[in-house]
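>>> fold the stuff below for me.
(one chain, ligands or ions: 3)
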Amino acid sequence: MSLIVQKYGGTSVGTPERILNVARRILETKQAGHQVVAVVSAMSGVTNRLIELADEVTGDSKPSEREMDVLLSTGEQTTIALTAMALNAMGAKAVSLTGAQAGIETDGVHTKARISTISPAGVHELLDDDHIVILAGFQGKTSDGKITTLGRGGSDLTAIAMAAAIEADLCQIFTDVDGVYTCDPRVVPNAQKIPEISYDEMLEMASSGTKVMQSRSVEFAKKFGVPFEVRSSLNTNPGTLVKEETMSMESVVIRGVSLERAQAKVTISNVQDFPGSASRVFGAVAEANIMVDMIVQNVSHTSSTDISFTLSKDDVAQAQSVLAPVIAELGEDTTIEATDGIAKLSVVGIGMRSHSGVASEMFAALAEAGINIQMISTSEIKISVTVAEDDIDKAAKVVHDAFDLG
Ligand code: ADP
Ligand code: ASP
Ligand code: MG
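Ligands and ions are numbered 1, 2, ... in the order given. You can find the predicted model right below:
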C-alpha cells in the first residue's frame, strides 16, 4: 500500500463529466490498495469569473484582498464537495476538506500567501479510517483564522506541500497535457514531451512562463525533495518526472523554451548615480509585494543613469503609484515611463553550464527571423530576452527549431 497525493487542475474538473472521470480515477487508485489524498482546483474559468465579479461590484476601487480570498476560495470549495459527492455516489468513502480544515496555515499576504506550517494529523486520521480525502487546492488560513489563497496556479503548491507533510510515496499532478513539453504545445505544435527534468530546470521554466506548474510549487518541491510526475487526467500515458538532477541530464544543452506574455517595462531616467538609488527604487516595489523580473542599469557616463525593469503588465499601475514619491526624491530631472506589449522568451537547460555558444545561437535565430531583442538577462542555466509581444509565437518557434527540440 502506498500513500499517493494526486492533483487535478481546472480543466480536468471543468464539467460534471470531467469530475466523474476524476472520481473514477481516484477510486481506481484507492481500489488498487492505496491511500489517496486528491487535491482539486476550481472548475476551469471559475477563478477568472470570480475575479470579474469582484471587479464588477467594486468599480474603480480595488477590492479588499481579504475579501478577495474569501471569494476565490469558494471555487475550490465547490469542486471538493462535488468530487466527494461523486465518489460517495460510486460507493466510495470520501470526505472533502478545505485548506483550513486540512491544517494548512499561511502567512497573511492575501492572494499570494506562503504556507508556514501544515498540521496533517486530521488528514492522517481520515486516511487511517479508510477515507479518500478530497482537498481544496490553492487555499489555507492564517494563524488567526483568515482565509488566504496561494497565488494563481496555487493548487500545485497545495499538492506538493501536502505530499511533503504527510510523507507521501508519490505525488502526481494531473492536467490537460501529457506532461511537460519542450515548449507550450499550443504555441509550438512539434514540441516534444520531456520524460524527466531536474527541479532546477523545471523551476526556471515555471518562473519564466511555463505555466503547467506554478513556480512556487516547484521551489517547494526542490527545497523539501518531493519528486513528482506531471501527466494527463484524460489518458494513462507516462508523463514527465520532475526530480533531483542526475549525471545524464547534463548531456542535454537546452531542455526547453518558455514564453511569458503580458509583460511591461518601467524605465526610470536620470537617476542620480550614488549608493542607495537602486535600493530605494526596488525597496518601494518590494514593499508593495510586486515581483520584478529583469533589471538593467545603464553604464553612467555622467552623474546620472537609467534603470529599467520588467514586471507583469497587471502590476504597472501599482508600481507607478508606489514609485511616484521615490522618483520625486531621486533627482529633479528623474522621470518614469512604462511601456507594455512586451513578452519574454527563455531557453533553459542545465547542460548550458558546460556548453558555450547558446546565447549566440539563440540571438542568431531571432535575427534571422527579423525579431528585435529589447533586453537580455542570463542565469547559469537560462537565457532570457524580451521581444515585442506580437513576435513571441514566431520567436518561440524559431528558437525551438534552432536547438532541434522538435
Ligand atoms: P491545470 O488547470 O491542470 O493546472 P494549467 O492550465 O495550469 O493546467 O497548465 C496546463 C497548460 O500549460 C497546458 O494546457 C499548456 O497549454 C500549458 N503549457 C505551457 N507551457 C507548457 C509546456 N512546456 N509543457 C506543457 N504544457 C505547457
Ligand atoms: N483556481 C486557482 C487558479 O485558477 C488555483 C489553481 O487552479 O491552481 O489560479
Ligand atoms: Mg495550473
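>>> when you work out contacts or count neighbours from here on, use the C-alpha atoms and nothing else.
Noted.
>>> bridging residues for K7?
K7 has these beta-bridge partners by DSSP bridges: V39, I173.
>>> pull the contacting residues for it.
When contacts are counted by CA atoms under 8 Å, 6 or more residues apart in numbering, K7 touches A38, V39, V40, S41, S155, D156, A159, C171, Q172, I173, F174.
>>> mind running it again at 6 Å?
K7 is in contact with A38, V39, V40, I173, F174, counting by CA atoms under 6 Å, 6 or more residues apart in numbering.
>>> pLDDT value on the nearest residue to the third one once chain neighbours are set aside, please?
Nearest-residue entry for V40: Y8, 5.0 Å, with adjacent residues in sequence omitted and distances by CA to CA, 6 or more residues apart in numbering. pLDDT, Y8: 98.
>>> so how many other residues sit close to Y8?
Burial of Y8 is recorded as 27 neighbouring residues (other CA atoms under 10 Å).
>>> also S208?
23.
>>> relative to S379, how far out is it?
Counting by CA to CA, to the nearest Å, the gap from S208 to S379 is 12 Å.
>>> and the next element down the chain from the lengthiest strand in the chain?
Using DSSP state E to define each element, the chain has its longest strand at strand 256-272. Per DSSP states H and E, the first helix or strand lying C-terminal to strand 256-272 is helix 277-287.
>>> got the CA positions of that following helix in PDB?
Extracted C-alpha coordinates of helix 277-287, given in PDB (Å, rounded to 0.1, in the frame of the first residue of the first chain):
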ATOM      1  CA  SER A 277      19.300  54.900  -5.600                       C
ATOM      2  CA  ALA A 278      18.600  51.400  -6.800                       C
ATOM      3  CA  SER A 279      17.800  50.300  -3.300                       C
ATOM      4  CA  ARG A 280      15.200  52.900  -2.900                       C
ATOM      5  CA  VAL A 281      13.500  52.100  -6.200                       C
ATOM      6  CA  PHE A 282      13.400  48.400  -5.600                       C
ATOM      7  CA  GLY A 283      12.700  48.700  -1.900                       C
ATOM      8  CA  ALA A 284       9.500  50.500  -2.600                       C
ATOM      9  CA  VAL A 285       8.500  48.000  -5.300                       C
ATOM     10  CA  ALA A 286       9.300  45.000  -3.000                       C
ATOM     11  CA  GLU A 287       7.300  46.600  -0.100                       C
END
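>>> buried residues in it, which are they?
Neighbour-count burial for helix 277-287 flags S277, R280, V281, F282, A284, V285 (criterion: 16 or more other CA atoms under 10 Å).
>>> need those residues in CSV with distance to ligand 2, can you?
Shown next, in CSV, are the buried residues of helix 277-287 (distance: CA to the nearest ligand atom, whole Å):
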residue, distance to ligand 2
S277, 35
R280, 32
V281, 29
F282, 27
A284, 26
V285, 23
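>>> which ones, among those, also lie beside ligand 1?
For ligand 1, no contacts are drawn from the buried residues of helix 277-287 by CA under 6 Å from any ligand atom.
>>> ok, those residues vs R261, which is closest?
R261 lies nearest to V285 out of these, by CA to CA, at 20.9 Å.
>>> okay, helices next: where are they in the stretch 201-350 of the chain?
Using DSSP state H, counting those that start in this stretch, the helices of the stretch 201-350 of the chain run over residues 215-224, 277-287, 316-330.
>>> dump the ones you listed to JSON lines, plus distance to V266 and mean pLDDT.
Shown next, in JSON lines, are the helices of the stretch 201-350 of the chain (distance: least, CA to CA, whole Å; pLDDT from 0 to 100):
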{"stretch": "helix 215-224", "distance to V266": "23", "mean pLDDT": "98"}
{"stretch": "helix 277-287", "distance to V266": "11", "mean pLDDT": "94"}
{"stretch": "helix 316-330", "distance to V266": "8", "mean pLDDT": "94"}
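>>> adding distance to S233, write those helices out as JSON lines.
What follows is the helices of the stretch 201-350 of the chain, written out as JSON lines (distance: least, CA to CA, whole Å):
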{"stretch": "helix 215-224", "distance to S233": "19"}
{"stretch": "helix 277-287", "distance to S233": "38"}
{"stretch": "helix 316-330", "distance to S233": "36"}
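>>> relative to F309, which of these is closest?
Nearest of these to F309, taken as CA to CA: helix 277-287 at 9.7 Å.
>>> confidence score at the residue nearest the centre of the chain?
For the chain, the residue nearest the mean C-alpha position is Q214 (2.3 Å; CA atoms, centre = their mean). At Q214, the predicted lDDT confidence score is 98.
>>> any idea how far it is from ligand 1?
7 Å (CA to the nearest ligand atom, to the nearest Å).
>>> what stretches of the stretch 151-300 of the chain score poorly on pLDDT?
Across the stretch 151-300 of the chain, nothing is flagged by pLDDT under 70.
>>> could you list the contact residues of it toward ligand 2?
R152, G153, G154, S155, D156.
>>> can I get these in JSON lines including neighbour count, distance to T339 and secondary structure?
Shown next, in JSON lines, are those (neighbours: other CA atoms under 10 Å; distance: CA to CA, whole Å; DSSP: H, G, I helix; E, B strand; the rest coil):
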{"residue": "R152", "neighbour count": "13", "distance to T339": "24", "secondary structure": "coil"}
{"residue": "G153", "neighbour count": "20", "distance to T339": "26", "secondary structure": "coil"}
{"residue": "G154", "neighbour count": "22", "distance to T339": "29", "secondary structure": "coil"}
{"residue": "S155", "neighbour count": "30", "distance to T339": "32", "secondary structure": "helix"}
{"residue": "D156", "neighbour count": "30", "distance to T339": "32", "secondary structure": "helix"}
